[in-house]
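Asker: just the structure for this:
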Amino acid sequence: MRRITAAVAVAAALAAVLGPVEGSARETSKTIFGYVERVVVSAEGFSLKAKLDTGAETSSLDARNIKRIRRGGERLVRFDVPDPETGQLVTLERPLARIVRIRQNDGPYERRPVVHMWLCIGHLAERVEVNLVDRGEFLYPLLIGRSVMRGAIIVDPELTFTTRPRCDPTELSE
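Answerer: Okay, the predicted model is just below:
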């Protein structure tokens, strides 16, 4: 751990002398968050603990009773999300964006429905693709992947809960 800290200190000193490096965080306005943060999900205003996972490309939301349905020619997904405050399941519906194949660690591929949802982390709000899967056995109901973080977020693995979501959930309409 000390080697990493020393390397970071050397890199910071070089950056101070040399100025911003093209493509570096100093050149852009990326925000530093911890590896676990509070995130507001969609207009329903669920405040969930989320793991910011740089090893995952896509984001995943804990969803139960996932059903693909058709209504008036539109392909939808109906699913239940556990309300973290009450534990009750809340039923949501979203248009099906696509189906994604996810490989489980050393296991087989799994097909998951993907929907668009708004996520608010700190001052950042973005409509993103989220695949739906039962994450009931995981510590965090929401996993945020690189596709959401790219260009906007730097993850500091030593930090957690650095900020609270500062978006108005009513402005996060689907």
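
Asker: switch to C-alpha atoms for all contacts and neighbour counts from now on
Answerer: Noted.

Asker: got any ranges where this structure has weak pLDDT?
Answerer: Under the criterion pLDDT under 70, the flagged ranges of the chain are 1-28, 169-170, 173-174.

Asker: partner residues bridging the residue nearest the centre of it?
Answerer: By CA atoms, centre = their mean, the chain has its centre lying nearest to residue 144, at 2.3 Å. Residues in a beta bridge with residue 144, per DSSP bridges, are residue 52.

Asker: tell me which element residue 147 falls in.
Answerer: helix 146-149 (DSSP states H and E).

Asker: what's that helix packed up against?
Answerer: Applying 3 or more CA pairs under 8 Å, 6 or more residues apart in numbering; DSSP states H and E, one finds that helix 146-149 makes contact with strand 59-62.

Asker: centre of the chain to the strand it packs on, how far?
Answerer: Here the centre of strand 59-62 is set off from its chain's centre by 7 Å, with CA atoms, centre = their mean, to the nearest Å.

Asker: restricting to C-alpha, output that strand in PDB.
Answerer: The C-alpha trace of strand 59-62 is given here as PDB (Å, rounded to 0.1, in the frame of the first residue of the first chain):
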ATOM      1  CA  SER A  59     -24.500  -1.500 -14.800                       C
ATOM      2  CA  SER A  60     -26.900  -4.000 -13.000                       C
ATOM      3  CA  LEU A  61     -29.900  -3.400 -10.800                       C
ATOM      4  CA  ASP A  62     -31.400  -5.800  -8.300                       C
END
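
Asker: and the helices in this structure, which stretches?
Answerer: 2-18, 146-149 (DSSP state H).

Asker: tell me where the chain has strands.
Answerer: 31-41, 46-52, 59-62, 64-71, 74-82, 89-95, 98-103, 109-121, 124-133, 142-144, 153-160 (DSSP state E).

Asker: out of those, indicate the one that is most buried.
Answerer: Highest mean neighbour count of these: strand 142-144, a mean of 24 (counted as mean count of other CA atoms under 10 Å).

Asker: now tell me what touches that one from outside.
Answerer: 48, 49, 50, 51, 52, 53, 56, 58, 59, 60, 61, 62 (CA atoms under 8 Å, 6 or more residues apart in numbering).

Asker: contact partners for the third one?
Answerer: Neighbour list for residue 50: 36, 37, 38, 39, 140, 141, 142, 143, 144 [criterion: CA under 8 Å, 6+ apart].

Asker: closest one of those to residue 75?
Answerer: residue 142 (23.7 Å; CA to CA).

Asker: tell me how far that closest one lies from residue 29.
Answerer: 25 Å (CA to CA, to the nearest Å).

Asker: do residue 116 as well
Answerer: 25 Å.

Asker: now swap in residue 71 and tell me
Answerer: Using CA to CA, residue 71 is found at 42 Å from residue 29.
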